[in-house]
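1. One predicted model, sequence on top.
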Amino acid sequence: MKSPIREFFFWSLLSTWVMVISLGLGVLMSSPARAEIRQLEEAPGQSVIQSRQLLQDQHGNRWQAIAFQRSYPNGQTSFDLRLVGFPGIANIDHSQPLMLTNSLGANLTAHANDQEIFTDKTHPEPNVGQYDLQSVFPQMQAEIPLKLSIPTLQDESVRLSVSPLIIQEWKAVASSELQIKK
């Protein structure tokens with residue numbers, strides 16, 4: 001007959017080992033964060049700090065996500081998100097906003113403001129979109145993941161998952177005081 005104490009310790013030890021192995025495999029299999037934060041002076045009195053991340057869409061295509069805060073000579077700031085896909089992946093509908101949905105179901109809308117990034121404003125690049133996050137960033141919760149839904153001219157929008165670590169980094173960029181050495 002087995003001792004209840006011995007059986008308890010056996011199952012405790014077994015469950016501990018299963019948890020340790022699972023956590024170890026999770027760490028080994030998770031992709032490392034590829035954050036790249038840059039700070040630079042674009043012009044006298046105009047500075048930018050940016051975070052660059054690679055995100056995957058629902059089809060496994062990679063998109064570059066660049067969140068950046070720009071500080072202007074007049075003291076104004078902006079906080080934007082530029083999304084860049086490989087040419088031919090999708091044709092972004094530049095007239096539609098970016099939808100941000102958190103894992104709790106809350107929806108936020110970021111309006112497109114990519115008119116300033118294209119030299120030919122009548123023919124914007126189909127794989128590049130830029131969105132104003134200034135008004136929605138206070139509602140973004142750093143601990144809750146987001147799904148971005150990029151509107152396209154095709155039937156299906158592009159969906160990107162954003163982890164809480166990336167959101168924390170974006171919030172840090174958005175609240176940064178830019179201090180570029182002259």
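-> Received it, and whenever you're ready, just let me know what you need. Numbering: from 1, shown residues only.

2. low pLDDT regions in the protein?
-> Judged by pLDDT under 70, the chain has its weakly predicted residues at 1-4, 6-36, 177-182.

3. Kindly recompute the last result at 90.
-> The chain contains residues with pLDDT under 90 at 1-46, 75, 114-125, 135, 137, 142, 155, 172, 174-182.

4. Going along the chain, name the strands of it.
-> In the chain, the strands defined using DSSP state E lie at 36-43, 46-56, 62-71, 77-85, 98-102, 107-110, 128-132, 146-150, 158-162.

5. Just say which of these is most tucked in.
-> Counting by mean count of other C-beta atoms under 10 Å, strand 128-132 has the highest mean neighbour count of the strands of the chain, with a mean of 22. In this view, the C-beta of every residue, glycine as well, is placed from N, C-alpha and C.

6. contact partners of that one?
-> Strand 128-132 is contacted by residues 78-85, 92, 94, 97-98, 110-114, 116-118, 150 when judged by C-beta atoms under 8 Å, 6 or more residues apart in numbering.

7. go again using 6 Å as the cut-off
-> The contact list for strand 128-132 (C-beta atoms under 6 Å, 6 or more residues apart in numbering) reads 80-84, 92, 98, 110-114, 117.

8. Residue 127 and residue 92, how far apart?
-> As judged by C-beta to C-beta, to the nearest Å, residue 127 and residue 92 stand 7 Å apart.

9. So between those two, which is more surrounded?
-> It is residue 92, of residue 127 and residue 92, that has more neighbours when counted by other C-beta atoms under 10 Å, with 27 against 17.

10. Grab the nearest non-local neighbour of that one.
-> residue 129 (4.3 Å; C-beta to C-beta, 6 or more residues apart in numbering).

11. That neighbour pairs with what?
-> residue 83 (DSSP bridges).

12. Kindly report the same for residue 108.
-> Beta-bridge partners, per DSSP bridges, of residue 108: residue 100.
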